[in-house]
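1. please find the sequence and the predicted model below.
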Amino acid sequence: MTQKVRLPERLEATFLTSAPDLKRAPKDDVPEVAFAGRSNAGKSSVLNQLTGNKRTAKVSKTPGRTQMLNFFDIQRGGRFVDLPGYGYAKASKSIQAQWQKAVNHYLSRRDNLCGLILVTDIRHPGQPYDEELLSWSAASNLPIRVLLNKADKMSSSASQKALNAFRQKNSAHPTLTVQCFSALKGTGTVDLIEQISAWLASEPRPN
Ligand SMILES: Nc1nc2c(ncn2[C@@H]2O[C@H](COP(=O)(O)OP(=O)(O)OP(=O)(O)O)[C@@H](O)[C@H]2O)c(=O)[nH]1
Ligand SMILES: [Mg+2]
């Protein structure tokens, strides 16, 4: 009989460091799970929901809050990386280009990246850069979990409908899974922790 591994209810984590680009990132010697998505989709809020501490990553009513690559040590091993959001309209074009470059470098060159969490707003799935990330993760064979976040803004039948539609649209993607989430209410946390734990325990991806 196989023994069921008990999953933690939280993945406690503490801030390690911020880096403006990959060159200044910490050594890539432990597996990392990164959070990407449009500005204001809720990346930092999701991270805080996972750690059970509202102050792990900075959340703000003003979009564009996360401007660097932020690294967090997970107590049980591994790291979270909170990436700058894309599509923050009020940032200057040159600043936006700078963030984009840092995010793209991180995603394409970080060998210890074992899984990507793409945070989207359930009311606006499939925004331009989200679609690019989906195609890129398929081509790179990188495991990706899409969160349809802010599910508390909809009825449960409407969010189920959005989930089914997203699944159907992306059924050909080889490494994608999707779930509804609410960083506000904590809905979906158990499923997400299960996925992250599996990624962190997996063998490193071949180069
Ligand atoms: N109702 C609701 N609001 C949420 C949820 N998740 C995040 N928010 C709110 O959305 C806003 C943006 O959240 P952040 O976590 O800062 O978003 P972010 O993706 O990290 O944004 P950037 O750092 O700008 O890239 C905040 O006002 C949050 O309180 C959710 O699940 N439900
Ligand atoms: Mg943020």
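-> Happy to help now that I have it. Ligands and ions are numbered 1, 2, ... in the order given.

2. what packs against the lowest-mean-pLDDT helix or strand in the chain?
-> Within the chain, confidence by mean pLDDT, DSSP states H and E is lowest for helix 93-109 among all helices and strands, at a mean of 85. If you count contacts as 3 or more Cβ pairs under 8 Å, 6 or more residues apart in numbering; DSSP states H and E, helix 93-109 packs onto strand 32-37, strand 69-74, strand 113-121, helix 128-140. Using the backbone N, CA and C atoms, a C-beta is placed for each residue, glycine as well.

3. tell me which other helices or strands the third one touches.
-> When contacts are defined as 3+ Cβ pairs under 8 Å, 6+ apart, strand 113-121 packs onto strand 32-37, helix 43-51, helix 93-109, helix 128-140, strand 144-149, helix 189-201.

4. run the angle between the next helix-or-strand element following the fifth one and strand 113-121 for me.
-> This points to strand 144-149. On the C-terminal side of strand 144-149, the closest following helix or strand by DSSP states H and E is helix 156-169. Interaxial angle, helix 156-169 versus strand 113-121 (axes from the mean of the first three to the mean of the last three Cα atoms, to 10 degrees): 130 degrees.

5. does ligand 1 sit close to helix 156-169?
-> No. Counting by Cβ under 6 Å from any ligand atom, ligand 1 is not contacted by helix 156-169; separation bottoms out at 11.1 Å.

6. next secondary structure after that helix?
-> Helix 156-169 is succeeded, C-terminally, by strand 176-180 (DSSP H and E).

7. shouldn't residue 44 be in contact with residue 53?
-> No. At 11.7 Å, residue 44 does not count as touching residue 53 under the criterion of Cβ atoms under 8 Å.

8. and those two? Which one has more around it.
-> Taking neighbours as other Cβ atoms under 10 Å, residue 44 and residue 53 compare with residue 44 leading, 23 against 14.

9. so what's the more buried one closest to, chain neighbours aside?
-> Of all residues not flanking residue 44 in the chain, residue 57 sits nearest, at 3.9 Å (Cβ to Cβ, 6 or more residues apart in numbering).

10. now swap in residue 12 and tell me
-> Leaving aside its sequence neighbours, residue 12 sits nearest to residue 75 (Cβ to Cβ, 6+ apart; 4.4 Å).

11. returning to what we had before: possible to save the helices and strands packed on strand 113-121 as TSV with distance to residue 156?
-> Below are these laid out as TSV (distance: least, Cβ to Cβ, whole Å):
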stretch	distance to residue 156
strand 32-37	22
helix 43-51	18
helix 93-109	33
helix 128-140	23
strand 144-149	12
helix 189-201	15
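
12. among these, which comes closest to ligand 1?
-> helix 43-51 (3.4 Å; Cβ to the nearest ligand atom).

13. which elements pack onto the closest one?
-> By 3+ Cβ pairs under 8 Å, 6+ apart, helix 43-51 packs against strand 13-19, strand 32-37, strand 79-82, strand 113-121, strand 144-149, helix 189-201.
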